[in-house]
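Colleague: Below are the sequence and a predicted model; questions follow.
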Amino acid sequence: MARCSGVVFLATLVQLFSTLQCVPQGFSLNLMRESPGKMVPIGMVFIDNDRMLICDRKGKIEICLPNQIGFPCETYMTAEDISIWDETGILAILLDKNWDAGTKRFNLYFSSETTTVNGVEYAAGGRISRFQHIENAGGLTSRGDFSTQEVLFHDTDGYPVVPFWHYGGSLSWGPDGNMYLTTGDKNDKGAVLDNTKYIGCIIRITEDGAVPPDGQNLPSSVKPPECWGYGLRNPFRAFWDMPGGSLPDRYIIAEVGGNSDCDSWEDVHLGKPGTNYGWPSCEGYCDQNTNIFQDCNCNIHDDPIFSYPHACNNAAIIGGVVLRNPSWPAEYTGRYLFAEHSEDELYYLDFVQDGGDEVLGKTKHLFHDDIEAPIDIIQDRQGNVWISTWKGTKVPHKIWKLTYNGNNAPPTILLAQASNTTTEPGVQIKFTGLATDTDPLTYTWDIGGTVKQGIVVYHSFPNPGQYAVTLYVSDGVTQVPSNPIAMTIGIPPRVSVEVASATGLFHGGEQMLFTASAEHFDLSSQSWIPLVGGYYSWESVFVHSTHVHPIGNPVEGADLTEFPLTVPVTGHGHDRTTGISVVAEVRSPEGLATSVQSYTWPVLVHQQIISSPVNITLKIETQFFTTPFTYEGLIYFKYVVDMPQCIDGNERQILSVTGPYDVPSKALTMSRNNPVVITFSAPGAAC
């Protein structure tokens, strides 16, 4: 696939310009921040024209001035008693609907451990809580006060299945003044239709956490009373489009599809009260009648307004926003902008009528094709679009800003260069910039927090550490930043990681132990010696061919040289395209850090499945097979196998099963040299 490209200078240490060039004419997509991937910028919101809150999934919220030189930030609030296993943590943020009127409160959807709030004990699970903003002296001095927590909604499902994936979600205010939260199947798709669980629901509550009295929520015979809709797999992002005037309001839900690369679909739904969105019976349009979704029924399940197949590739839709910026070209008004996380792309949908439910041509249109791993899309108060990205600990997270400049094209930075990016403290370094534009330009450098002006500037760093240097170029109307130049002052530690495994492979349920050793360079002896007092950070991810999922519990601490990890036996199965990656970062007392990534791969075995009679179709996870067959998977992992009760038009019961299959739980435990033999009864009544 073609990617954005620009002018390439054949010189060392050159940082190419950060304004991506293959957005539509008149637009610019600028890299505003690039920081280590340890932070997961899962949620953003502007609290006024100038200040943004950025939520790290792992518990910290920053307050930032994103349009200022250096993108300055301070810690705004740190969530306490938070669960950050796998995909849990802070997942969404929403300002109080009367924020601008002076209430200055905000809401978080996050995963908590068992804790007591205002004298009430809440079991571990997801919750929506409200907090107070403290303005202080304004700017970056403002803070959120965690001690003011009021629990508005508590998800009593807890954490039902390991790994903890598919918890959603998006928080939004609807046109009715109520709060909406999208939640996923919590990796427990068999419980989506359980009327006692919130799994797969759209939660709808009042601003104070009560069930709205209008009767729109589901009856208790279907779902708990806070549920407004159900049957969702992973509605990671949703957006209320409320254009005003005569146009209708629309709740646009982007639902991430399943793990079968050749059979799964990504869906866009319009939210309606009482709706069953189809999972696990449906993905894609409800009238497909494919083998994998043969139970999908348009009379029961919602038909998405748009859907696209994985087509034997990875895919993960990231819902976005409806564009209604009056300063942008009129043809963009009413378009739905969204992202594809696995393919690193931005798309938009056109509607037959603005505010309608019919997507023009059932087609998505490419807006931009090179923005790595988007995870959140918001608009600021001027209608510009901001996008955060994350693709694992070893890849820096980024925040981009999409603007429309019309005929006043922004400056193009051609060069941002350092004479040396690795040196000792006190050494003078030359920084050189070059940009082009039809207007006079000003050059401003942010050198690790020190601001200097000029096309060429000089700087020496007095202390060891790792710093970022960014060039900002302005034409008097628009200011654009370069890609950051990474500077290493001093000699970082030397780190190695070993895993306690003879083969470097893993099996389901295995308790793996990763061990790091670190050395630092001693200037007096000019030799490497063991590092004492190092600060260790550990994280692990489930690796696909094009994207990753957090897995396990990230930890950090002084001299924390070991990292245990238990491989799940349920959830997402393994195949030849998956593995586990563990990243260890070691930081010396001087502030220099080195990270090392270690990969391990699954032990795959071939499980023979035999039936009597033969030619029986079974469903394993999301794929269909006809007996006898051999299935490849991770040894000791428990795969869900659905057995048919109606075969060739007649009922048949399972008489016996030998081998590693448990009928009540439908779990096939992969093993060597132990075939599964299923014996069915003779044909019974017609079905």
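Modeller: Now that the structure is in, tell me what you want to look at. Numbers count the residues shown, from 1 in each chain.
Colleague: Neighbours of the residue lying closest to residue 555 once chain neighbours are set aside, how many?
Modeller: Distances taken as C-beta to C-beta, 6 or more residues apart in numbering place residue 538 nearest to residue 555, at 5.3 Å, with adjacent residues excluded. C-beta: built from backbone N, CA, C; applies to glycine. Residue 538 is flanked by 24 other residues according to other C-beta atoms under 10 Å.
Colleague: Likewise for residue 650?
Modeller: Count around residue 650 with other C-beta under 10 Å applied: 13.
Colleague: Also residue 416?
Modeller: Neighbour tally, residue 416, other C-beta under 10 Å: 28.
Colleague: do the same with residue 220
Modeller: Residue 220, neighbours per other C-beta under 10 Å, totals 11.
Colleague: what's the spacing between it and residue 461?
Modeller: Distance, residue 220 to residue 461, using C-beta to C-beta, to the nearest Å: 64 Å.
Colleague: Okay, now the unreliable bits of the stretch 1-150 of the chain?
Modeller: 1-21, 37 (pLDDT under 70).
Colleague: again, only using 80
Modeller: 1-22, 36-37 (pLDDT under 80).
Colleague: The chain too?
Modeller: 1-22, 36-37, 260-261, 288-292, 393-394, 501-504, 545-546, 621-623.
Colleague: Partner strands of the helix or strand hosting the residue nearest to residue 555, with direction?
Modeller: Using DSSP states H and E, residue 538 sits within strand 535-543. If you go by DSSP bridges, strand 535-543 pairs up with strand 548-550 (antiparallel), strand 555-558 (antiparallel), strand 579-587 (antiparallel).
Colleague: Go ahead and name everything in contact with it.
Modeller: 38, 163, 392-393, 514, 516, 548-552, 554-561, 563, 565, 572, 578-587, 599 (C-beta atoms under 8 Å, 6 or more residues apart in numbering).
Colleague: Tell me the buried residues in stretch 294-303?
Modeller: By 16 or more other C-beta atoms under 10 Å, the buried positions in stretch 294-303 come out as 296, 301, 302, 303.
Colleague: Against residue 267, how distant is the second one?
Modeller: Between residue 301 and residue 267 the computed distance is 11 Å (C-beta to C-beta).
Colleague: The first one now?
Modeller: Counting by C-beta to C-beta, the separation of residue 296 from residue 267 is 12 Å.
Colleague: what is in contact with residue 301 and residue 267 at once?
Modeller: residue 277.
Colleague: Can you report how many residues lie near the closest residue to residue 225 other than its chain neighbours?
Modeller: Nearest-residue entry for residue 225: residue 211, 4.8 Å, with adjacent residues in sequence omitted and distances by C-beta to C-beta, 6+ apart. Residue neighbour count, defined by other C-beta under 10 Å, stands at 17 for residue 211.
Colleague: And the one 4 residues further on, by the same measure?
Modeller: Other residues within reach of residue 215 by the criterion other C-beta under 10 Å amount to 8.
Colleague: Name the SS class of it, please.
Modeller: Here residue 215 is recorded as coil under DSSP: H, G, I helix; E, B strand; the rest coil.
Colleague: which ones are touching residue 381?
Modeller: Listed by C-beta under 8 Å, 6+ apart, the contact partners of residue 381 are 46, 48, 49.
Colleague: can you tell me which of these lies nearest to residue 634?
Modeller: Using C-beta to C-beta, the shortest approach to residue 634 within the contacts of residue 381 belongs to residue 46, at 43.9 Å.
Colleague: which residues of the stretch 1-150 of the chain fall in strands?
Modeller: Here the stretch 1-150 of the chain has its strands, by DSSP state E, counting those that start in this stretch, at 14-15, 19-20, 27-35, 41-46, 52-56, 60-64, 73-78, 90-95, 105-112, 115-117, 120-122, 125-134, 143-154.
Colleague: Using JSON lines, please lay out those strands together with mean neighbour count and distance to residue 624.
Modeller: Listed next are the strands of the stretch 1-150 of the chain as JSON lines, based on neighbours: other C-beta atoms under 10 Å; distance: least, C-beta to C-beta, whole Å:
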{"stretch": "strand 14-15", "mean neighbour count": "19", "distance to residue 624": "50"}
{"stretch": "strand 19-20", "mean neighbour count": "22", "distance to residue 624": "42"}
{"stretch": "strand 27-35", "mean neighbour count": "20", "distance to residue 624": "42"}
{"stretch": "strand 41-46", "mean neighbour count": "22", "distance to residue 624": "35"}
{"stretch": "strand 52-56", "mean neighbour count": "24", "distance to residue 624": "40"}
{"stretch": "strand 60-64", "mean neighbour count": "21", "distance to residue 624": "45"}
{"stretch": "strand 73-78", "mean neighbour count": "17", "distance to residue 624": "48"}
{"stretch": "strand 90-95", "mean neighbour count": "22", "distance to residue 624": "33"}
{"stretch": "strand 105-112", "mean neighbour count": "24", "distance to residue 624": "34"}
{"stretch": "strand 115-117", "mean neighbour count": "14", "distance to residue 624": "44"}
{"stretch": "strand 120-122", "mean neighbour count": "12", "distance to residue 624": "42"}
{"stretch": "strand 125-134", "mean neighbour count": "21", "distance to residue 624": "33"}
{"stretch": "strand 143-154", "mean neighbour count": "16", "distance to residue 624": "38"}
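Colleague: So the residue nearest to residue 76 when sequence neighbours are not counted versus residue 72, what's the distance?
Modeller: Leaving aside its chain neighbours, residue 76 sits nearest to residue 63 (4.0 Å; criterion: C-beta to C-beta, 6+ apart). Distance of residue 63 to residue 72, given as C-beta to C-beta: 10 Å.
Colleague: any residues in contact with both of those two?
Modeller: In contact with both residue 63 and residue 72: residue 140, using C-beta under 8 Å, 6+ apart.
Colleague: Which element, helix or strand, includes residue 597?
Modeller: Judged by DSSP H and E, residue 597 forms part of strand 593-602.
Colleague: quick revisit: how much space between the residue nearest to residue 225 and residue 572?
Modeller: As judged by C-beta to C-beta, residue 211 and residue 572 stand 34 Å apart.
Colleague: before we move on, what about residue 44?
Modeller: 27 Å.
Colleague: repeat for residue 464
Modeller: Taking C-beta to C-beta, one finds residue 464 at 42 Å from residue 572.
Colleague: what do you get for residue 553?
Modeller: Residue 553 is 17 Å from residue 572, by C-beta to C-beta.
Colleague: if I look at the residue lying closest to residue 140 once chain neighbours are set aside, how far off is residue 354?
Modeller: Sequence neighbours aside, residue 74 is the residue nearest to residue 140 in space, at 4.4 Å (criterion: C-beta to C-beta, 6+ apart). To residue 354, residue 74 is 40 Å away according to C-beta to C-beta.
Colleague: Many thanks, have a good one.
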